[in-house]
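Trainee: here is my input; please provide its structure:
(one chain, ligands or ions: 1)
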Amino acid sequence: MKNNDPKLIIVSAPSGCGKGTIMASAFENCDVFYSVSCTTRSPRPEDIPGKTYNFLTVEEFEKMIAEDGFLEHACYSGNYYGTPKKPVDDNLAAGKDVILEIETQGAFQVKELRPDTASLFILPPSVAELERRLRKRGTEDEETIAKRVSQAAGEIAQADKYDYVIMNADIDKAVEDFLAVINGIKGVAGPATQFSPENENIKEMIREVLENA
Ligand code: 5GP
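Mentor: The predicted structure is shown next:
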């Protein structure tokens with residue numbers, strides 16, 4: 001891949017990490033195509049069908065799997081989630097950088113299929129804080145919250161497999177770090193090597209987030 005080739009970028013963060021807020025403010029400053037996923041979960045009040053997700057029935061989703069319509073798909077918290085292949089490929093072919101906001105199972109599928117994909121993990125300040133944010137959102141019942149918290153801890157334990165790791169403790173700093181990583185990947189700024197999990201301080205940050213559960 002040449003340096004100015006369009007980039008495929010994965011962003012993962014357990015729900016409750018505030019990734020929606022980071023990405024919304026970051027996109028005002030970034031020219032990228034945001035891939036709209038398909039899911040079988042029920043829409044939340046803030047969801048806009050066709051914009052936040054395409055909401056499908058299980059039958060519709062499974063038909064799309066059978067037709068090889070997904071770049072990747074996964075089952076998360078009892079629902080299907082998947083990245084439609086065509087819009088990703090059409091945008092890359094048109095020279096646009098593409099961002100996939102997906103969980104870890106899907107992220108590793110894409111990395112295997114397309115090894116030159118760049119990946120970024122957004123950490124919450126702690127697992128306890130993530131739980132507090134999920135509860136504050138008030139859209140899930142206790143059982144779903146418990147399921148999501150345990151799933152989140154499993155995902156955070158895999159953050160060191162990503163190319164870059166940032167933390168959302170302070171929203172302005174998180175947006176700044178997010179843009180530094182994305183611009184580094186796009187080649188419009190130097191590579192954001194300070195966020196690589198090969199650095200001891202990033203490894204330590206991941207350990208601390210998991211310990212503060
Ligand atoms: P939520 O239900 O909170 O919107 O999303 C739950 C999880 O599914 C999040 O970690 C989100 O990043 C992930 N997700 C959203 N779309 C996709 C997708 O197309 N594929 C995969 N594998 N995960 C997705």
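Trainee: list the buried ones in the lowest-mean-pLDDT helix or strand in the chain?
Mentor: Least confident helix or strand, the chain: helix 19-27 with a mean of 82, by mean pLDDT, DSSP states H and E. The neighbour-count check on helix 19-27 (16 or more other C-beta atoms under 10 Å) flags 19, 22-23, 25-26 as buried. In this view, the C-beta of every residue, glycine as well, is placed from N, C-alpha and C.
Trainee: want to throw the residues you listed into JSON lines with distance to the ligand?
Mentor: Below are these laid out as JSON lines (distance: C-beta to the nearest ligand atom, whole Å):
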{"residue": "19", "distance to the ligand": "7"}
{"residue": "22", "distance to the ligand": "12"}
{"residue": "23", "distance to the ligand": "10"}
{"residue": "25", "distance to the ligand": "18"}
{"residue": "26", "distance to the ligand": "15"}
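Trainee: from the residues you listed, which two are the most distant?
Mentor: 19 and 25 (11.2 Å; C-beta to C-beta).
Trainee: list the contacts of the residue of the chain found nearest the ligand.
Mentor: Closest residue of the chain to the ligand, C-beta to the nearest ligand atom: residue 106 (2.4 Å). Residue 106 makes contact with 72-74, 81-83, 100 under the criterion C-beta atoms under 8 Å, 6 or more residues apart in numbering.
Trainee: restricted to strands, list these.
Mentor: Residues of those located in strands (DSSP state E): 72-74, 81-83, 100.
Trainee: same list, those, but as a markdown table with distance to residue 208 please.
Mentor: Listed next are those as a markdown table, based on distance: C-beta to C-beta, whole Å:
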| residue | distance to residue 208 |
| --- | --- |
| 72 | 30 |
| 73 | 32 |
| 74 | 27 |
| 81 | 28 |
| 82 | 33 |
| 83 | 31 |
| 100 | 27 |
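Trainee: residue 110: which of those is nearest?
Mentor: residue 72 (5.1 Å).
Trainee: next, count neighbours for the closest one.
Mentor: Burial measure for residue 72: 24 neighbouring residues, criterion other C-beta atoms under 10 Å.
Trainee: list the contacts for it?
Mentor: So residue 72 contacts 82-83, 102, 106, 109-110, 113 (C-beta under 8 Å, 6+ apart).
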